[in-house]
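S.K.: Curious how this folds, go ahead:
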Amino acid sequence: MSAISLSAVTKRFGDAAAVDGVSLEIAAGEFVALLGASGCGKTTLLRLIAGFDTLSSGAIRFDGTVMAGEGRHVPPEDRNVGIVFQSYALWPHMSVAENVGYPLRVRGIRGAAKADKVAEALAAVDLSGFEARRPADLSGGQRQRVALARCLAMDPAVVLLDEPLANLDVNLRASMEDTFKEFHERTKATMVYVTHDQAEAMAMADRVAVMEAGRVLQVTDPVTLYGEPASEAVARFVGNGSVVDCRVVGPAASGRAHVALFGHEADVRADPATLAPLGTTARLCLRPEHLTLSDGEGFAARVAKATFKGSHALLEVAPAAAPAQLLPVWAPRLVPTGTEVRIAIRDGWLLPGAAMRVPAARAA
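M.R.: Numbering: from 1, shown residues only. Predicted structure coming up:
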């Protein structure tokens, strides 16, 4: 396994920067997900790490050794990198065993040594007995596990995965998430996983790097990313929630602040180091679980939409004080559209950043 260091990595296509000054440290054996919408630069960054694309500027190092930059570009085959693609990239004319053993053959490993490694890799992904089958005879999940087995057989120092679950149905995705986690535990390889699916990223990765417009907005563990987004862009992308104006009216207990919004006051979580001064507006991230139906306390609202989710319902409510604003709320039951309700604020996260003083009535 290798540590990966990205220093001001930039890739330009003409005048456009697909990756723009990204610096990121990935520890040896760590599982990091690159998360973002289509076109944010995450796949281009993965290709730069793999060596498929050349840098415009910056540097990439594996365990301190320059792989790209500073006048040097090590080709992909010399980086000891295993890659799992969305399309599986299996040879259709080869059997499962031949596909898994192909990189070993390229390295000059043959005979019993090769057969043993192929058998061990297939056993690790529960495909023993499938050696003679062709890719066309396998399901999508089985093909993806063949691609993983091929990686495992190589003993790579770095494993790169480019949207590997995008072509699978929901049930297969859930089982393959377990497979990837087991793969990581087994190999101890450094893994970089590209996805636009936040649920995948947060279920598997040690840390998640959220990307937008070629830049990394925040890198942290999944719990912190969801609960304490560093910016409004991250708050809107990660999780099903809203960002609204509030007014800071007082401090609360350690790590919390007292705010006013929609004619109601509540205590929410905040970073004391970046807490806006009293009397100023700030931006508040509210998740559905931060809000709840109430018999009396809270702000007045109207149910604009209600969706049955099985064990619960997802409501979208419009506060009476800001009817154009829709807030998602988890509820134990469906509530008819148009119903007048009261919503209590149980939690929230005050986003870091500068605040601007405004008249009290505007935010409250």
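S.K.: quick one: low-confidence ranges for the protein?
M.R.: Flagging of the chain using pLDDT under 70 yields the residue ranges 1, 252-253, 353-364.
S.K.: Domain ranges for it, per the record?
M.R.: 4-233, 240-363 (automatic domain parsing).
S.K.: what would these look like in CSV with mean neighbour count?
M.R.: Using the backbone N, CA and C atoms, a C-beta is placed for each residue, glycine as well. Shown next, in CSV, are the domains of the chain (neighbours: other C-beta atoms under 10 Å):
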stretch, mean neighbour count
domain 4-233, 18
domain 240-363, 17
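S.K.: hmm, who's touching stretch 174-182?
M.R.: 125, 141, 144-145, 148, 161, 164-165, 168, 193, 200, 203-204 (C-beta atoms under 8 Å, 6 or more residues apart in numbering).
S.K.: can I get the CA coordinates of it in CSV?
M.R.: The C-alpha coordinates for stretch 174-182 follow below in CSV (Å, rounded to 0.1, in the frame of the first residue of the first chain):
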residue,chain,number,x,y,z
ALA,A,174,-26.0,-2.9,-1.5
SER,A,175,-24.3,-6.3,-1.7
MET,A,176,-21.4,-4.9,-3.7
GLU,A,177,-20.8,-2.2,-1.0
ASP,A,178,-20.1,-5.0,1.4
THR,A,179,-17.9,-6.6,-1.1
PHE,A,180,-15.8,-3.5,-1.6
LYS,A,181,-15.4,-3.0,2.2
GLU,A,182,-14.3,-6.6,2.6
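S.K.: tell me how far it is from the chain's mean position?
M.R.: 15 Å (C-alpha atoms, centre = their mean, to the nearest Å).
S.K.: And for stretch 157-175?
M.R.: 13 Å.
S.K.: for the stretch 1-150 of the chain, what spans make up the strands?
M.R.: 4-13, 16-26, 31-35, 57-62, 65-69, 72-73, 81-84 (DSSP state E, counting those that start in this stretch).
S.K.: Arrange the ones you listed in a markdown table, one row each, with distance to A153 as further columns.
M.R.: Below are the strands of the stretch 1-150 of the chain laid out as a markdown table (distance: least, C-beta to C-beta, whole Å):
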| stretch | distance to A153 |
| --- | --- |
| strand 4-13 | 22 |
| strand 16-26 | 23 |
| strand 31-35 | 20 |
| strand 57-62 | 20 |
| strand 65-69 | 22 |
| strand 72-73 | 26 |
| strand 81-84 | 9 |
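S.K.: isn't A318 right next to A324, touching?
M.R.: Yes. Using C-beta atoms under 8 Å, A318 makes contact with A324 at a distance of 7.4 Å.
S.K.: so the nearest residue to H312 once chain neighbours are set aside bridges to which residues?
M.R.: With sequence-adjacent residues excluded and distances taken as C-beta to C-beta, 6 or more residues apart in numbering, H312 is closest to W330, at 5.5 Å. According to DSSP bridges, the residues that bridge with W330 are L314.
S.K.: close enough to count as contact, W330 and L293?
M.R.: No. Counting by C-beta under 8 Å, W330 does not reach L293; the two are 9.2 Å apart.
S.K.: Next up, the contacts around T292.
M.R.: V329, W330, A331, I343, A344, R346.
S.K.: One more pass at 7 Å, please.
M.R.: By C-beta atoms under 7 Å, 6 or more residues apart in numbering, T292 lies in contact with V329, A344, R346.
S.K.: could you check the angle strand 4-13 makes with the helix or strand containing Y193?
M.R.: Taking DSSP states H and E as the criterion, the element that holds Y193 is strand 190-195. Interaxial angle of strand 190-195 relative to strand 4-13 (axes from the mean of the first three to the mean of the last three C-alpha atoms, to 10 degrees): 40 degrees.
S.K.: Perfect, I'm done here.
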